[in-house]
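J.: Build the 3D model from these lines:
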Amino acid sequence: MQLTYAIGDIHGSLDKLKALVAGCREHAKGRQMKLVFLGDYIDRGPDPAGVVRLLLRLQSELPPGKVIALRGNHEAMALAVLDGAMPASSWLMNGGTTTLRSYGVSRVDDLPRPHLDWMRALHLTYDDGLRFFVHAGVDPQMPLGVQDEQKLLWIREPFLSDDRDYGRLVVHGHTPVENGTPELRSNRLNLDTAAVFGGPLTAAVFDDATTGPLEYLQVE
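T.: You can find the predicted model right below:
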């Protein structure tokens with residue numbers, strides 16, 4: 001049986017990420033495992049560059065399909081600045097300055113091209129048949145297969161308050177849970193436990209037989 005570890009918003013928290021990935025590997029004890037990252041790898045925290053390098057290394061070391069990295073709104077903002085669709089000031093005010101600093105550059109155009117290409121290639125969702133993994137959430141009014149990109153990256157309400165059954169457990173981040181405890185509801189699971197603001201970085205553990213999380217792994 002394969003175990004899936006879904007990891008919430010990282011925001012440059014490289015030390016926590018290293019420890020949590022090691023914890024996931026130890027927990028798996030040699031069983032097949034998959035890592036699903038929910039986006040927001042850059043901005044705000046101390047080492048966004050290190051986080052992206054680690055994710056790229058994991059994708060190269062593990063078999064194809066065993067490391068799923070989704071795009072978050074912060075990766076989308078960096079790309080929007082690169083494409084001229086957003087003023088650089090808007091991104092910088094939302095944590096982009098720490099990303100530039102961690103890479104040792106002054107403009108988004110100077111970020112390593114392979115890293116920018118990787119961000120652009122990130123998928124918005126991942127559906128494993130039991131869970132629907134996404135950065136921010138979904139539009140409750142729309143089927144999962146026809147969601148709007150902006151909603152997948154940015155939505156909070158009405159998604160957070162809606163209790164309808166989507167046919168999948170929606171596993172998301174984006175909205176920090178201030179008490180450091182993942183928020184599990186009947187139709188969704190929020191794994192953004194505010195790692196960059198001093199909270200833990202969280203992984204939810206799933207298997208192929210049970211929709212909901214078996215347990216959580218956290219690194220303070």
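J.: which ones are touching Leu124?
T.: By CB atoms under 8 Å, 6 or more residues apart in numbering, Leu124 lies in contact with 70-71, 134-135, 147, 149, 152-153. All C-beta atoms are positioned from the backbone trio N, CA, C, and that covers glycine.
J.: Leaving out sequence neighbours, find the closest residue to the residue lying farthest from the centre of the chain.
T.: Distance from the centre of the chain peaks at Ser106, with 25.1 Å (CA atoms, centre = their mean). Using CB to CB, 6 or more residues apart in numbering and skipping residues adjacent in sequence, the residue nearest Ser106 is Leu100, 6.2 Å away.
J.: Beyond the host helix or strand of that neighbour, next helix or strand please.
T.: Assessed by DSSP states H and E, Leu100 sits inside helix 97-103. Under the assignment DSSP H and E, the closest C-terminal helix or strand after helix 97-103 is helix 113-121.
J.: just so I have it, where are all the helices in the protein?
T.: With helices called from DSSP state H, the chain shows them at 14-28, 48-61, 73-82, 88-91, 97-103, 113-121, 149-154.
J.: Out of those helices, which is closest to Tyr216?
T.: When the helices of the chain are compared by CB to CB, helix 14-28 sits nearest Tyr216, at 10.6 Å.
J.: relative to helix 48-61, how tilted is that closest one?
T.: In terms of direction (axes from the mean of the first three to the mean of the last three CA atoms, to 10 degrees), helix 14-28 departs from helix 48-61 by 30 degrees.
J.: for helix 14-28, packing partners?
T.: In terms of contacts (3 or more CB pairs under 8 Å, 6 or more residues apart in numbering; DSSP states H and E), helix 14-28 is packed against strand 3-7, strand 33-37, helix 48-61, strand 201-206, strand 215-219.
J.: deepest of the ones you listed, which one?
T.: strand 201-206 (a mean of 25; mean count of other CB atoms under 10 Å).
J.: Outside of that strand itself, list whatever touches it.
T.: Residues external to strand 201-206 that are found in contact with it (CB under 8 Å, 6+ apart): 3-8, 10, 13, 16-17, 20, 23-24, 27, 130-131, 171, 182, 189, 191, 193, 195, 212-219.
J.: and if you look at stretch 176-190?
T.: Contacts of stretch 176-190 (CB under 8 Å, 6+ apart): 8-9, 137, 159-160, 162-166, 169-173, 175, 191-194, 197, 199-200, 202, 204, 212-213, 216, 218.
J.: make it 6 Å
T.: 165-166, 170-172, 191-194, 199-200, 202, 216 (CB atoms under 6 Å, 6 or more residues apart in numbering).
J.: mind putting the residues you listed in TSV, distance to His123 and pLDDT included?
T.: Listed next are the contacts of stretch 176-190 as TSV, based on distance: CB to CB, whole Å; pLDDT from 0 to 100:
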residue	distance to His123	pLDDT
Asp165	24	97
Tyr166	18	97
Val170	15	98
Val171	14	99
His172	14	99
Leu191	17	98
Asp192	19	98
Thr193	23	98
Ala194	25	98
Gly199	26	98
Pro200	26	98
Thr202	21	98
Tyr216	24	98
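J.: No further questions, thank you.
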